[in-house]
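# this one's structure only:
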């Protein structure tokens with residue numbers, strides 16, 4: 001694991017009093033009811049049974065560890081159902097295939113000014129955008145950040161500009177959107193968060209923001225790739241489809257690894273045969289349905305890899 005970002009994230013977690021565990025030179029943190037690795041998606045985060053047990057024992061109120069085996073898939077595994085949505089090469093707006101996308105990018109760049117800013121600016125000016133964006137979510141998502149907590153969070157992150165990058169989208173001098181990216185040296189810029197004032201979407205701020213960030217990381221700084229994250233299961237979002245359609249992002253296959261706590265594994269094995277029934281009858285059980293969908297993807301990845309190995 002590359003040292004630069006690892007040391008910075010560990011220092012940040014200590015400073016922000018965020019629970020983490022370091023094992024085999026990888027930092028693991030809690031995300032919802034899962035434990036996930038902190039680092040580039042291209043790396044292999046597979047674990048043996050002893051490592052699984054050690055990590056799971058460090059975290060309360062989690063169901064499983066979720067990881068992947070990097071971008072080293074073999075021929076025949078391109079149809080894996082688990083993937084990251086990434087982009088490796090910057091494409092000038094004139095060369096983007098969709099005529100509609102080209103027009104919207106140009107209009108967004110005319111209507112909006114996109115600038116790299118710092119976390120302190122977000123601390124003092126970002127809450128209005130954050131709150132307005134979250135209020136529009138169709139699903140009830142609990143968030144605990146009042147304005148004071150929001151400000152405190154970003155003031156701490158202002159001390160770590162090497163791992164947290166921030167971008168602002170402005171109409172004249174008013175902030176109408178922002179992005180937070182997680183930086184893993186010059187390997188990956190992870191497009192972690194994008195928030196916009198809903199009433200400003202007709203200015204095409206998303207087009208201006210993504211185009212500007214792609215240019216900065218892929219063309220100017222020569223990052224290996226930018227990443228919008230893994231396939232979305234729990235949250236309803238169309239951002240990944242948007243990036244694929246308009247900016248030539250693509251689905252990079254990787255295998256999904258899930259390591260359950262023993263009690264959770266027994267429950268999954270018990271209820272998985274009734275997955276379709278649960279989906280149809282209990283549509284409000286979002287987390288249960290998401291967990292069962294992840295298990296289905298895990299099994300598909302495992303079967304796909306086994307079939308590929310048999311052919312080799």
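Good, I have the coordinates. These figures come from a predicted structure and were not determined experimentally.
# elements contacting the longest helix belonging to the chain?
If you go by DSSP state H, the chain has its longest helix at helix 286-311. Counting by 3 or more C-beta pairs under 8 Å, 6 or more residues apart in numbering; DSSP states H and E, the packing neighbours recorded for helix 286-311 are strand 256-260, helix 262-271, helix 275-281. C-betas here are computed from N, CA, C, even on glycine.
# ok, which of the ones you listed comes nearest residue 221?
strand 256-260 (29.7 Å; C-beta to C-beta).
# what lies in contact with that closest one?
Residues external to strand 256-260 that are found in contact with it (C-beta atoms under 8 Å, 6 or more residues apart in numbering): 45-47, 52, 55-56, 63-69, 80-82, 268, 294-295, 297-298, 301.
# list only buried entries from these.
For the contacts of strand 256-260, a neighbour count by 16 or more other C-beta atoms under 10 Å gives the buried set as 45, 47, 52, 55-56, 63-69, 80-82, 268, 294-295, 297-298, 301.
# tell me which of those residues fall in helices.
52, 55-56, 268, 294-295, 297-298, 301.
# which among these gets closest to residue 120?
residue 55 (33.7 Å).
# what are the buried residues along stretch 179-194?
179-185, 187-191, 194.
# can you check stretch 88-106 too?
Those would be 90-91, 93, 96, 101-102, 104-106, for stretch 88-106 by 16+ other C-beta under 10 Å.
# any idea how far apart the tips of stretch 255-272 sit?
20 Å (C-alpha to C-alpha, to the nearest Å).
# buried set for that stretch?
The neighbour-count check on stretch 255-272 (16+ other C-beta under 10 Å) flags 255-261, 264, 268 as buried.
# in the stretch 101-250 of the chain, which spans are helices?
119-125, 127-135, 147-157, 205-214, 239-247 (DSSP state H, counting those that start in this stretch).
# which strands or helices does the shortest one pack on?
So the one you mean is helix 119-125. So helix 119-125, by 3+ C-beta pairs under 8 Å, 6+ apart, packs with helix 147-157, strand 164-171, strand 174-184.
# which of those sits closest to residue 112?
Closest approach to residue 112 among the helices and strands packed on helix 119-125 (C-beta to C-beta): strand 164-171, 5.1 Å.
# next, the angle from that closest one to helix 205-214.
If you take axes from the mean of the first three to the mean of the last three C-alpha atoms, to 10 degrees, strand 164-171 sits at 140 degrees to helix 205-214.
# domains in the protein, as residue ranges please.
With domains defined by automatic domain parsing, the chain comprises 35-47+67-85+253-312, 89-223.
# can you put the ones you listed in CSV and add distance to residue 14?
Below are those laid out as CSV (distance: least, C-beta to C-beta, whole Å):
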stretch, distance to residue 14
domain 35-47+67-85+253-312, 13
domain 89-223, 11
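# mean pLDDT added to those, as CSV?
Below are the domains of the chain laid out as CSV (pLDDT from 0 to 100):
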stretch, mean pLDDT
domain 35-47+67-85+253-312, 82
domain 89-223, 94
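# the ones you listed: which one's closest to residue 231?
Among the domains of the chain, domain 35-47+67-85+253-312 sits nearest to residue 231 (C-beta to C-beta), with 5.6 Å.
# residue nearest the centroid of this structure?
In the chain, the centroid-proximal residue (C-alpha atoms, centre = their mean) is residue 229; its distance is 3.4 Å.
# per-residue confidence for that residue?
Looking at residue 229, its pLDDT reads 95.
# return the distance of stretch 198-209 from the chain's centre.
Chain-centre distance of stretch 198-209: 21 Å, with C-alpha atoms, centre = their mean, to the nearest Å.
# quick check: end-to-end length of that stretch?
15 Å.
# and it, what's buried?
Result for stretch 198-209 [16+ other C-beta under 10 Å]: buried residues 200, 203-209.
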